[in-house]
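J.: coordinates for the following, if possible.
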Amino acid sequence: MSSSTREFTLSDFDFDLPESLIAQHPTAVRSASRLLDGRSLPATDRIFRELPDLLQPGDLLVFNDTKVIKARVFGEKASGGKIELLVERVLQNNEVVAHMRVSKKPLPGAKIHLCGGLRNGGFEATLLGRWPDENGPLFHLSFKGSQGESPYELLEQFGHLPLPPYIERQQNAEHDPDEKEDSERYQTVFAAHPGAVAAPTAALHFDETVLAALQAKGVERASVTLHVGAGTFQPVKTENLADHTMHSEWYDIPLPTLAAMERCRQRGGRIIAVGTTTVRTLESWAKYGNITGDTSIFITPGFQYQVVDMLITNFHLPKSTLMMLVSAFAGYEHIMAMYQHAIAQHYRFFSYGDSMLLERQR
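T.: Numbers count the residues shown, from 1 in each chain. Predicted coordinates:
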C-alpha cells in the first residue's frame with residue numbers, strides 16, 4: 001500500500017533516538033552544521049555551506065523573520081508561592097497570554113509580583129482570566145511596569161530565553177553560564193519581528209557567508225512572519241490523528257513576498273521554504289486565502305501542497321506534528337529512510353542540530 005492511500009496512526013511516526021544525538025549547543029559556526037541532502041535516496045551527507053551549490057538561479061528562498069522574545073519570567077503570588085510564566089502571545093493594552101507553572105492556580109483579579117515586583121525593581125501582573133475562553137488552557141494577564149513599559153520591553157529587561165525542554169540549562173539559577181551563547185545563537189541573523197517563543201530553527205544555519213553566496217548564485221529571498229508558539233513542542237497523544245487538536249499561531253505574509261512568489265513562478269523557479277513554520281504560513285494562505293491571521297493547519301500524509309517545492313528543515317521529535325508534515329511533503333518511507341541514515345551517521349537532532357534538504361514528492 002502506498003503512503004498516499006494508507007491510513008496513518010501516531011505510532012507510525014515514532015522512532016528510537018539515542019539521547020546523545022540531541023544537540024545541547026550549536027556548532028561553532030552556523031553554516032558548519034551538517035546538511036543531509038535528501039532530494040533523492042540514498043541521501044547525501046553534506047555541510048550546510050554547500051547549500052548555494054544545490055540551488056538554481058531564479059529559485060526563491062522564503063524565511064520566517066520572527067524574533068524570539070525572552071518569554072520566560074519568574075515571580076511569586078501575593079501569598080509568596082513561586083510562579084513561572086511562559087508568555088505565548090502579546091496582545092494589545094499591555095495584556096499577554098501565558099502558560100503558568102504554579103502549585104495552586106490563582107483566581108482572576110490576583111496580583112503577581114514578577115522579578116521582585118514593583119517594590120523591588122521588577123513589575124506586576126494581574127490575572128484577568130483564562131484564554132481563549134473561560135476554560136482555555138492559557139492565562140490572560142495584564143502587565144504593569146514602573147515606567148509604563150510595554151510587555152515586550154518588560155520581557156526584554158526581566159525575562160529569559162525560552163529554550164526547548166530538551167535543551168538542558170540552568171534557567172532557574174541566578175546565572176546561567178550558557179545565557180550569552182543562547183541569546184545570540186537561538187536567534188536567526190535576520191530576526192526582525194518579536195513575538196515567538198521558539199526559534200524557526202532551520203534558519204539558524206544561515207549566516208552572512210551563505211546569504212552572500214546565495215545572492216551571487218541568483219537565488220532571491222523573501223520573508224514571512226509566523227510567531228512560533230510553545231505548542232510546536234507538544235507531542236501528539238491521540239493514536240487517531242484526526243482526534244488531535246492543533247495549536248494556533250499568528251502569521252503574516254507581506255505583499256512584496258506574494259509578488260516575489262509570483263515572479264518566481266513566472267520564471268520557472270522553485271519556491272523553497274526555510275523551515276516548517278514557513279511551510280505552515282504559505283500553505284495556510286493557499287488553503288484558506290488569508291495573508292494574515294491565525295492558523296491551526298494540521299498537515300499529515302495525504303495533504304495536497306500547493307506552494308512549496310523544496311524544504312530546508314531540522315530533524316524533528318518522534319510523534320510530533322512536524323514529523324507528519326515532512327512525511328506529507330517528501331513521502332513517509334522517504335523520511336523514515338532519511339531518519340535511519342541520520343541516526344546511523346550521528347547527525348545532531350532538534351533545535352541546535354543539523355538540517356536536511358527535501359523535495360516535494362510528485
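
J.: isn't His140 up against Asp133?
T.: No - shown here, His140 and Asp133 do not form a contact pair, counting by CB atoms under 8 Å, at 10.0 Å. Placement of C-beta: from N, CA and C, glycine included.

J.: neighbour-wise, which of those two wins?
T.: His140 (19 against 7; other CB atoms under 10 Å).

J.: surely Ala110 and Glu76 touch.
T.: No - the criterion here is CB under 8 Å, and Ala110 misses it with Glu76 at 11.4 Å.

J.: tell me where the stretch 101-250 of the chain has strands.
T.: 111-114, 123-131, 138-144, 193-196, 220-226, 249-252 (DSSP state E, counting those that start in this stretch).

J.: Lys319 is nearest to which of those strands?
T.: For these, the distance to Lys319 is smallest for strand 249-252, at 19.6 Å, taking CB to CB.

J.: what packs against the lowest-mean-pLDDT helix or strand in the chain?
T.: Within the chain, no helix or strand scores below helix 179-185, which has a mean of 91 by mean pLDDT, DSSP states H and E. Packed against helix 179-185 by the contact rule (3 or more CB pairs under 8 Å, 6 or more residues apart in numbering; DSSP states H and E) you find no helix or strand.

J.: contact partners of that helix?
T.: With contacts defined as CB atoms under 8 Å, 6 or more residues apart in numbering, helix 179-185 is touched by 25-26, 30, 160-161, 163, 169, 176, 204, 352.

J.: give me the sheet partners of the helix or strand hosting Val96 and which way each runs.
T.: Per DSSP states H and E, Val96 falls inside strand 95-102. With DSSP bridges as the test, strand 95-102 is paired with strand 82-90 (antiparallel), strand 138-144 (antiparallel).

J.: for the longest one, buried residues please.
T.: Spelled out, that is strand 82-90. Across strand 82-90, burial judged by 16 or more other CB atoms under 10 Å covers 83-90.

J.: now that strand and strand 123-131, what's the angle there?
T.: Counting by axes from the mean of the first three to the mean of the last three CA atoms, to 10 degrees, strand 82-90 lies at 70 degrees to strand 123-131.

J.: export strand 82-90 as PDB, just CAs?
T.: In PDB, the C-alpha atoms belonging to strand 82-90 read as follows (Å, rounded to 0.1, in the frame of the first residue of the first chain):
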ATOM      1  CA  LYS A  82       6.600  30.600  43.500                       C
ATOM      2  CA  ILE A  83       5.200  31.100  40.000                       C
ATOM      3  CA  GLU A  84       6.700  30.800  36.400                       C
ATOM      4  CA  LEU A  85       5.100  32.300  33.300                       C
ATOM      5  CA  LEU A  86       5.900  31.500  29.700                       C
ATOM      6  CA  VAL A  87       4.300  34.300  27.600                       C
ATOM      7  CA  GLU A  88       2.800  32.700  24.500                       C
ATOM      8  CA  ARG A  89       1.400  35.900  22.900                       C
ATOM      9  CA  VAL A  90       1.500  39.600  23.500                       C
END
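
J.: low-confidence bits of this protein, can you list those?
T.: Along the chain, the parts satisfying pLDDT under 70 run over 1-5, 171-175.

J.: 80 - rerun?
T.: In the predicted model of the chain, residues 1-5, 170-176, 233-234 satisfy pLDDT under 80.

J.: so where do the helices sit in it?
T.: 51-54, 151-158, 179-185, 208-217, 255-266, 276-288, 321-330, 332-344 (DSSP state H).

J.: so what's the residue nearest to Lys287 when sequence neighbours are not counted up against?
T.: Of all residues not flanking Lys287 in the chain, Ile297 sits nearest, at 6.7 Å (CB to CB, 6 or more residues apart in numbering). When contacts are counted by CB under 8 Å, 6+ apart, Ile297 touches 246, 280, 283-284, 287.

J.: so which of those comes closest to Val197?
T.: Arg280 (15.5 Å).

J.: was I right about that closest one contacting Trp250?
T.: No - counting by CB under 8 Å, Arg280 stays clear of Trp250, with 11.3 Å between them.

J.: joint contacts of those two?
T.: By CB under 8 Å, 6+ apart, the residues touching both Arg280 and Trp250 are 226, 295.

J.: so between these two, which is more surrounded?
T.: It is Arg280, of Arg280 and Trp250, that has more neighbours when counted by other CB under 10 Å, with 27 against 17.

J.: could you list every residue that touches that one?
T.: Arg280 neighbours (CB under 8 Å, 6+ apart): 226, 249, 251, 295, 297, 299, 325.

J.: how does it look with 7 Å?
T.: Contact analysis of Arg280 by CB atoms under 7 Å, 6 or more residues apart in numbering lists 226, 295, 297.

J.: near the closest residue to the first one other than its chain neighbours, how many other residues are there?
T.: Pointing back at Leu226 there. Spatially, and ignoring its direct neighbours in sequence, Leu226 is nearest to Tyr251 (4.1 Å; CB to CB, 6+ apart). The tally of other residues near Tyr251 (other CB under 10 Å) stands at 25.

J.: kindly report the same for Ala110.
T.: By other CB under 10 Å, the residues close to Ala110 number 16.

J.: that one contacts Gly129, doesn't it?
T.: No - Ala110 is beyond contact range of Gly129, at 10.7 Å (criterion: CB atoms under 7 Å).

J.: residues shared between the contacts of those two?
T.: Taking CB under 7 Å, 6+ apart as the contact rule, Ala110 and Gly129 touch no residue in common.

J.: neighbours around the spatially closest residue to Met323 that is not a sequence neighbour, how many?
T.: Excluding the flanking residues, the one nearest Met323 by CB to CB, 6+ apart is Phe13, at 4.3 Å. By the criterion of other CB under 10 Å, Phe13 has 26 neighbours.
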